[in-house]
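Trainee: got a predicted structure here, sequence first:
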Amino acid sequence: MPIRRALSTLRRNRSAAVTVEFALMLPVLLALTFGCFEVGWLLQAEQKAKAVASDMAEQVAAVNNTTGTANIENYCSIGYLEVAPAAGYLLAGIASVTNYQGSGVTVDWNQACIFSPTVSDPAGIATTSPSLVPNVGDTVILAQVTYVYNPPIHFVLLPASWNLTVVGFARPYNGAPVQL
């Protein structure tokens with residue numbers, strides 16, 4: 001008789017069912033919560049990469065002469081400082097592309113930041129978007145940034161790092177190609 005009474009009491013008592021349902025739903029809720037945080041951080045990292053590429057191109061476009069690789073490293077330092085608080089590291093390259101009369105779209109110079117690759121195919125990037133160098137004599141400064149983002153909380157279902165590659169561009173302020 002005591003076993004029957006215990007079973008009937010358990011059948012009427014629903015607190016155990018609530019506990020089991022909560023235990024089943026908790027991993028799903030935590031996955032959604034941490035997934036939302038990680039996606040938000042990833043979007044923020046992508047925006048930072050876009051801002052860095054744009055700012056680096058604007059800084060180079062604002063000068064007439066970069067006076068060699070030392071100044072390029074200064075522009076790269078600006079980019080490193082912009083992403084400094086975020087988790088990850090930055091690879092960047094800067095190039096100048098001009099549309100010359102006889103030779104067409106030509107790479108004037110292509111310079112990499114420390115431990116970074118140069119801009120991959122700057123002439124191809126400039127020609128894929130016809131608005132970058134549409135006319136003979138047009139020059140554009142390209143800054144290609146790869147931001148390798150490592151999220152602070154690694155979520156099991158998502159990759160451990162993300163490579164965000166963006167290209168920023170700017171026209172030289174004086175209209176003439178920037179000399180290296």
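Mentor: Nice, thanks for sending it over. Numbers count the residues shown, from 1 in each chain.

Trainee: any idea which strand is longest in this protein?
Mentor: strand 88-100 (DSSP state E).

Trainee: which element follows that strand toward the C-terminus?
Mentor: Downstream of strand 88-100, the next assigned helix or strand under DSSP states H and E is strand 104-112.

Trainee: what's in contact with that following strand?
Mentor: Strand 104-112 has contacts (Cβ atoms under 8 Å, 6 or more residues apart in numbering) with 69, 72, 92-100, 118-119, 122-123, 126-127, 133, 139, 177-178, 180. C-beta: built from backbone N, CA, C; applies to glycine.

Trainee: ditto for stretch 71-82
Mentor: By Cβ under 8 Å, 6+ apart, stretch 71-82 touches 48, 51-53, 55-56, 59-60, 63, 66, 90, 92, 94, 111, 113-114, 116, 143, 145, 180.

Trainee: now do the helices in the protein.
Mentor: 2-12, 15-61, 69-82, 122-128 (DSSP state H).

Trainee: reformat these as CSV; add mean pLDDT, distance to Pro172 and mean neighbour count.
Mentor: As requested, these are exported to CSV (pLDDT from 0 to 100; distance: least, Cβ to Cβ, whole Å; neighbours: other Cβ atoms under 10 Å):
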stretch, mean pLDDT, distance to Pro172, mean neighbour count
helix 2-12, 67, 79, 9
helix 15-61, 86, 5, 14
helix 69-82, 78, 14, 16
helix 122-128, 73, 14, 18
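
Trainee: looking at the ones you listed, spot the one closest to Leu164.
Mentor: helix 15-61 (4.7 Å; Cβ to Cβ).

Trainee: that closest one - contacts with which helices or strands?
Mentor: helix 69-82, strand 88-100, strand 139-149, strand 162-170 (3 or more Cβ pairs under 8 Å, 6 or more residues apart in numbering; DSSP states H and E).

Trainee: can you give me the angle that helix makes with strand 88-100?
Mentor: Angle of helix 15-61 versus strand 88-100, following axes from the mean of the first three to the mean of the last three Cα atoms, to 10 degrees, is 40 degrees.

Trainee: show me how far helix 15-61 is from its chain's centre.
Mentor: For helix 15-61, the separation from the chain centroid amounts to 15 Å (computed by Cα atoms, centre = their mean, to the nearest Å).

Trainee: the residue nearest to Ser96 when sequence neighbours are not counted and Gly124: what is the separation?
Mentor: Among residues not flanking Ser96 along the chain, Asp108 sits closest, at 4.0 Å (Cβ to Cβ, 6 or more residues apart in numbering). Distance check for Asp108 against Gly124: by Cβ to Cβ, to the nearest Å, it reads 15 Å.

Trainee: buried ones in the longest strand of the chain?
Mentor: Gly88, Leu90, Leu91, Ala92, Gly93, Ile94, Ala95, Ser96, Val97, Thr98, Asn99 (16 or more other Cβ atoms under 10 Å).
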